[in-house]
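J.: structure for the following, please:
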Amino acid sequence: PQVHFWDTETLDMIKTLDCPIVNPTLGGSTRVQDITSASLSPDRKRFIAGGPADQAWPDPWVHVFDYETGQEIECNKGHHGHVWDVAFAPDGETYASGADDGTIRIWKTDPSKTSE
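T.: Below is the predicted model of the structure:
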């Protein structure tokens with residue numbers, strides 16, 4: 001699948017990246033067919049994605065990618081159903097994911113940082 005990034009002022013496409021997500025639930029051998037949601041961090045260093053909805057085994061993982069290379073840099077498990085939506089907080093310190101299991105998870109962008 002691909003993720004497209006758009007300039008919100010001009011509505012021009014600014015970047016397209018291939019995202020070869022592999023669903024870890026299926027032993028790391030089944031590639032995700034589509035992405036249902038993606039969000040770019042405010043600093044444009046990473047983006048997050050959730051999907052797919054079209055396979056027999058939904059992908060309950062939240063995938064984190066490097067914005068420049070498109071490489072997956074992190075994969076977070078916290079849901080027990082398909083991840084429908086992901087979004088960064090305006091400050092980029094956290095991001096949220098919502099899934100079929102009725103939960104919304106809040107993730108730290110940098111878990112090594114402590115709250116002040």
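J.: after the helix or strand containing residue 39, next one along is what?
T.: Using DSSP states H and E, residue 39 maps to strand 37-40. As assigned by DSSP H and E, the chain's next helix or strand after strand 37-40 is strand 46-50.
J.: given that following strand, what are its sheet partners and their directions?
T.: strand 37-40 (antiparallel), strand 61-66 (antiparallel) (DSSP bridges).
J.: from residue 90, how far out is the nearest residue to residue 68 once chain neighbours are set aside?
T.: The shortest distance from residue 68 to any residue other than its chain neighbours is 8.0 Å, reached at residue 45 (CB to CB, 6 or more residues apart in numbering). (Glycine included, C-beta is placed from N, CA and C.) According to CB to CB, to the nearest Å, residue 45 and residue 90 sit 15 Å apart.
J.: and residue 13, bridged to which residues?
T.: Residue 13 has the following beta-bridge partners by DSSP bridges: residue 6.
J.: neighbours around it, how many?
T.: Residue 13 has 10 neighbours, counted by other CB atoms under 10 Å.
J.: quick one on the thing from earlier: compare residue 45 and residue 90 (neighbour count), which wins?
T.: Remark: of residue 45 and residue 90, residue 45 carries more neighbours, 13 against 8, as counted by other CB under 10 Å.
J.: list the contacts of the more buried one.
T.: Residue 45 makes contact with 66-68, according to CB atoms under 8 Å, 6 or more residues apart in numbering.
J.: what's the ChimeraX syntax to select whichever of those residues are buried?
T.: Buried subset of these, written as a ChimeraX selection, criterion 16 or more other CB atoms under 10 Å:
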select :67
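J.: turn the contacts of residue 45 into JSON lines, including pLDDT and distance to residue 1.
T.: As requested, the contacts of residue 45 are arranged in JSON lines below (pLDDT from 0 to 100; distance: CB to CB, whole Å):
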{"residue": "66", "pLDDT": "94", "distance to residue 1": "16"}
{"residue": "67", "pLDDT": "94", "distance to residue 1": "16"}
{"residue": "68", "pLDDT": "93", "distance to residue 1": "19"}
